[in-house]
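[1] pasting a predicted model and its sequence here:
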Amino acid sequence: MQRFTVPRDIYFGKDALMELKNLKYYKRPFLVIDEVLVKMGWMERITNMLQNTHIEHITTFSDVEAEPSVETVMKGAQSMQENNIDIIVAVGGGSVIDAAKAMWLFYEHPELTFEQTISEPLPQLRKKAIFVAVPSTSGTGSEVTAYSVISDHATKIKYPIADFNITPDIAILDSDLTLTMPPSLVAYTGMDALTHAIESYVSKDRSRFTRPLAIHAISIIISYLEDSYAGDMDAREEIHVASTLAGIAFTNAQLGICHSIAHKAGGIFGIPHGMCNAMLLPYVIAYNKKTPAALRYYANIARRMGYDGDREKHLVNSLIREVRTLNRNMNIPLCFADAGVNEFKLNMNKKEIAQNAFEDPCTSTNPRETSPEDLEKILECAYYGNKVVF
C-alpha cells in the first residue's frame with residue numbers, strides 16, 4: 001500500500017498572498033521570515049495582512065541561517081512557547097520553511113530530542129498550532145513536503161526530518177515574492193526542483209499519482225527555467241508552480257542518490273544545495289541508466305521533451321546532454337573542480353561523504369542498488385568531470 005499526502009489548501013496565482021487576510025480566528029501568529037524579505041519591506045506588508053479584530057499579538061522571527069541549525073530551531077521553538085502561538089506563517093526560501101517546521105515540532109513536543117526526530121516516527125502535531133508556508137524561492141518544495149532539513153554545523157552534516165505530520169496545512173504561491181531572487185539563486189533553486197522531479201519520477205516509490213506530477217514539472221522547468229533566469233516574470237510564475245508540483249511528487253515518491261550525495265557534500269565543500277544537485281545530476285542519471293526500469297523512465301522524459309534518439313539509451317544520453325546545457329547556459333559549473341573545490345578536500349572527505357550518503361534516507365529509493373564504493377566513484381566523476389562507466 002502507498003500513501004499520497006498534500007496540504008489541505010494550495011493558493012496560487014496573482015495576489016495569492018492576500019489569502020493571509022482570510023486566516024481568521026487565530027489570535028497569536030508566529031511569523032518566521034527571511035531576513036532579506038524583512039529588509040525589502042515584506043514583513044510589514046505581511047503583518048498588516050495578518051492583522052484582524054481577533055489578533056492579540058504577532059511574534060516575528062527572522063534569524064534563520066542559509067543552512068538552519070539545531071540551535072536556531074530551538075531558539076525559535078522557545079519563542080513560540082513564550083508567546084503561546086496558535087498559527088505559524090513561514091515566508092521565505094526552503095531554509096526558513098524547514099526551520100519553521102522543526103520549530104513547530106519542538107514547540108508542540110518540547111520533550112523530544114533532536115536525535116529522536118531523525119530516528120523515530122514523530123508524534124501528532126496541530127494540538128497547539130497550524131502551519132502556513134509561503135515560499136519566496138522556486139526550488140525546495142518545502143511548502144508541500146513532509147521534510148525539514150536541519151544542519152549540524154559542528155559535523156557539517158544535514159539531517160532530514162521526514163514525517164507526513166510536518167506537511168504544511170496551507171501553501172500560498174505568489175510569484176511576486178520571487179522577485180527577490182538574484183539570477184544565480186533562480187538557477188540553483190530551479191535545478192534543485194528539476195532534480196526533485198526527475199528523481200521522484202524514477203524513484204522506487206513512484207506511483208500513479210506521483211508520475212504525472214513529476215513529468216509535468218520536468219517539462220515546465222526545462223521549458224521555462226532559462227527564461228526565468230533571464231528575468232521573465234511569466235516564466236518565473238511557471239517555475240514557481242512547477243517547483244511545488246515537483247515537491248508534491250517527491251514528498252510522496254521520495255528521491256535518490258543525487259540528493260543523498262548533495263546532502264553530505266554540500267556542507268563540506270561549501271556549495272549551495274541546488275548547485276550541488278545540478279552538477280551531480282548528469283552523473284547520477286548515467287549511473288542509474290544501467291538499471292532497465294530507470295533507463296525506461298529517463299527515456300520517457302526525453303521523449304516528452306522531444307529529444308533526439310531512436311533507442312532508449314540514446315534518448316537518455318540526450319537527456320544528460322540537455323541537463324549539462326541547461327547548467328552551462330545558467331553559468332553553473334559542470335563539475336566540482338570547476339566550482340573551485342580543492343582536490344585535497346575531496347580526497348580527505350570522499351570516503352566519509354560516500355558512507356554518509358549511503359546511509360541517507362534518499363538512497364533507499366534510488367532506482368539502482370548502490371554501495372558506498374559506487375557513491376565514492378560517482379563523487380569522483382562529478383569532481384573531475386569523468387564519464388561514468390561502472
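    In hand now; what should we look at? Numbering: from 1, shown residues only.
[2] then the helix or strand containing residue 244 to PDB, C-alphas only?
    Residue 244 belongs to helix 233-253 when assigned by DSSP states H and E. In PDB, the C-alpha atoms belonging to helix 233-253 read as follows (Å, rounded to 0.1, in the frame of the first residue of the first chain):
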ATOM      1  CA  MET A 233       8.100  37.100 -14.900                       C
ATOM      2  CA  ASP A 234       5.700  34.800 -16.800                       C
ATOM      3  CA  ALA A 235       8.400  32.200 -16.800                       C
ATOM      4  CA  ARG A 236       9.100  32.900 -13.100                       C
ATOM      5  CA  GLU A 237       5.500  32.100 -12.200                       C
ATOM      6  CA  GLU A 238       5.600  28.900 -14.300                       C
ATOM      7  CA  ILE A 239       8.700  27.700 -12.400                       C
ATOM      8  CA  HIS A 240       7.200  28.700  -9.000                       C
ATOM      9  CA  VAL A 241       4.200  26.400  -9.600                       C
ATOM     10  CA  ALA A 242       6.400  23.700 -11.200                       C
ATOM     11  CA  SER A 243       8.600  23.600  -8.100                       C
ATOM     12  CA  THR A 244       5.500  22.900  -6.000                       C
ATOM     13  CA  LEU A 245       4.400  20.100  -8.300                       C
ATOM     14  CA  ALA A 246       7.800  18.600  -8.000                       C
ATOM     15  CA  GLY A 247       7.600  19.000  -4.300                       C
ATOM     16  CA  ILE A 248       4.300  17.100  -4.100                       C
ATOM     17  CA  ALA A 249       5.800  14.400  -6.300                       C
ATOM     18  CA  PHE A 250       8.900  13.800  -4.300                       C
ATOM     19  CA  THR A 251       7.400  14.100  -0.800                       C
ATOM     20  CA  ASN A 252       5.200  11.100  -1.800                       C
ATOM     21  CA  ALA A 253       7.700   9.200  -4.100                       C
END
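[3] any idea how far residue 389 is from residue 316?
    Residue 316 sits 15 Å away from residue 389, taking Cβ to Cβ, to the nearest Å as the criterion. Every residue, glycine included, has its C-beta placed from N, CA and C.
[4] same question, residue 124
    Residue 124 is 49 Å from residue 389, by Cβ to Cβ.
[5] find the nearest non-adjacent residue to residue 124, please.
    Nearest residue to residue 124 in three dimensions, chain neighbours excluded: residue 165, at 6.5 Å (Cβ to Cβ, 6 or more residues apart in numbering).
[6] just list the residues touching that neighbour, thanks.
    Neighbour list for residue 165: 105, 122, 123, 124, 125, 146 [criterion: Cβ atoms under 8 Å, 6 or more residues apart in numbering].
[7] list only buried entries from these.
    Using 16 or more other Cβ atoms under 10 Å as the burial test, the contacts of residue 165 include 105, 122, 125, 146 as buried.
[8] can you tell me the closest non-neighbouring residue to the second one?
    The spatially closest residue to residue 122, leaving aside those adjacent along the chain, is residue 163, at 4.1 Å (Cβ to Cβ, 6+ apart).
[9] what residues does that neighbour make contact with?
    With Cβ under 8 Å, 6+ apart, residue 163 has these contacts: 121, 122, 146.
[10] quick one: the helices in this structure?
    Assigned by DSSP state H, the helices in the chain fall at 35-39, 42-50, 70-83, 94-108, 114-117, 183-202, 210-229, 233-253, 257-269, 273-288, 292-305, 312-329, 343-358, 372-384.
[11] and the ones you listed as a markdown table, adding distance to residue 174 and mean pLDDT?
    Listed next are those as a markdown table, based on distance: least, Cβ to Cβ, whole Å; pLDDT from 0 to 100:
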| stretch | distance to residue 174 | mean pLDDT |
| --- | --- | --- |
| helix 35-39 | 12 | 94 |
| helix 42-50 | 11 | 92 |
| helix 70-83 | 23 | 96 |
| helix 94-108 | 14 | 96 |
| helix 114-117 | 30 | 86 |
| helix 183-202 | 16 | 98 |
| helix 210-229 | 15 | 98 |
| helix 233-253 | 8 | 97 |
| helix 257-269 | 27 | 94 |
| helix 273-288 | 21 | 97 |
| helix 292-305 | 28 | 97 |
| helix 312-329 | 26 | 97 |
| helix 343-358 | 35 | 97 |
| helix 372-384 | 35 | 98 |
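[12] and the residue nearest the centre of the protein?
    Centroid check for the chain by Cα atoms, centre = their mean gives residue 140 as the closest residue, at 2.4 Å.
[13] ok, it to residue 259 distance?
    Residue 140 sits 11 Å away from residue 259, going by Cβ to Cβ.
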